[in-house]
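K.L.:
Return atomic coordinates for the entry below.
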Amino acid sequence: MTIELQDPFPSTLQSLENGKARDRGVALPSGIGPGYSAPIKDTDGNIVGAKAFAWTQDGTKMLAIQIVKGAPGRDHQADAIEFARQLRPLLLTSAPQQPR
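P.N.:
The predicted structure is shown next:
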C-alpha cells in the first residue's frame, strides 16, 4: 500500500481527468471527490489491486492511494475509496492562517 500527497500538485486538472479516462476510473462518491478510483491490473489483465485519487477543487493538492496484492477476499477498490474518505479532511484541506 502506498499513500502519497502531492502539495503542490505539479500538473493540471486536465491531466487528472486524462488519467481517469486512461484508467477507466469511476468518480469518487459524493462528499469524497473530486477524484476517481480504478482497479490495478497486471500484464495479463487480472485485477491485483486498486487505486484512488482525490484532489482539491483548484487542483493544487492531490492524494493518491494504491493497494496492490492486498489481503485475499478484500474489495481493494472499496478500501482505497475508504482511505481517501478518511484522509481527505486531514490532507486536502487548507490549514487556517495563524495570526502574526
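K.L.:
only C-alpha atoms for contact and neighbour calcs from this point on.
P.N.:
OK.
K.L.:
Which positions in the helix or strand containing Leu16 come out as buried?
P.N.:
Assigning secondary structure by DSSP states H and E places Leu16 in helix 13-23. Within helix 13-23, the residues that qualify as buried by neighbour count (16 or more other Cα atoms under 10 Å) are Leu13, Leu16, Lys20, Asp23.
K.L.:
Kindly indicate whether the residue nearest in space to the middle of the chain is helix, strand or coil.
P.N.:
A centroid search over the chain (Cα atoms, centre = their mean) returns Phe53, at 1.6 Å, as the residue closest to the centre. Classification of Phe53 using DSSP: H, G, I helix; E, B strand; the rest coil returns strand.
K.L.:
Skipping adjacent residues, who's closest to it in space?
P.N.:
In space, and not counting its chain neighbours, Phe53 is closest to Ala64: 4.6 Å by Cα to Cα, 6 or more residues apart in numbering.
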